[in-house]
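Participant: this is a predicted model, with the sequence first.
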Amino acid sequence: MMRQTDISKEAFQRARDVHGAKLVIFFGEEMPVILRDDRPDIAEPGMFDFPGGGREAGESAVDCVLRETEEELSLRLSAADLHYGRLYHDHMGREVWFFAAHLGAERRAEIALGDEGQFWQMMRIDDYLTDPRAIVRLQSRLAEYLAG
């Protein structure tokens, strides 16, 4: 199931106009997901999400996803942990990135919920792909990743 690609140099460029990035982290057949806060002022309230979010000034897509993962799941990763990266464009034409990482079971103990989201949980891949509370575009991106 581990698909590995060279992550393009664009993902590391800090001058690019990247809107944001998401990361799916695999621990075997499971992955941590975050139940988003249930507030009307945020996108996709109450939905299961992957770590990631909006880019801060001066960040590359890789910088963004690594920072967001640490903020949201207390999991400190490096660019070397990323096995896959793909550029997409959102409905407004902005650059968004989707990354994947595969970690050993020993890293699971490092996960703790940050200051966003109601809770985090491990979810089986197949369950995320069919859960009505999963974010549809992330289901699609995950399915594309798995399809190779």
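Facilitator: Here it is on my side, so go on. No experiment lies behind these values; they were computed from the predicted model shown. Numbering: from 1, shown residues only.
Participant: going forward, measure contacts between C-alpha atoms and count neighbours the same way
Facilitator: Fine.
Participant: in three-state terms, label Leu87 for me.
Facilitator: strand (DSSP: H, G, I helix; E, B strand; the rest coil).
Participant: I figured it hits Glu95, correct?
Facilitator: Yes: the pair Leu87 and Glu95 qualifies as a contact (Cα atoms under 8 Å) at a distance of 6.7 Å.
Participant: quick one: the strands in the protein?
Facilitator: 18-26, 30-35, 48-49, 52-54, 82-89, 95-102, 119-124 (DSSP state E).
Participant: can you spell out which helices and strands pack onto the fourth one?
Facilitator: Put plainly, it is strand 52-54. Secondary-structure packing of strand 52-54 (3 or more Cα pairs under 8 Å, 6 or more residues apart in numbering; DSSP states H and E): strand 18-26, helix 61-73.
Participant: give me that answer again for 10 Å
Facilitator: strand 18-26, helix 61-73, strand 95-102 (3 or more Cα pairs under 10 Å, 6 or more residues apart in numbering; DSSP states H and E).
Participant: before we move on, back to that, please identify every residue contacting each of Leu87 and Glu95.
Facilitator: The contact sets of Leu87 and Glu95 overlap at Val18, Ala21, Ala61 (Cα atoms under 10 Å, 6 or more residues apart in numbering).
Participant: which one of those residues sits in the busiest neighbourhood?
Facilitator: The most crowded member of these, judged by other Cα atoms under 10 Å, is Ala61 (31 neighbours).
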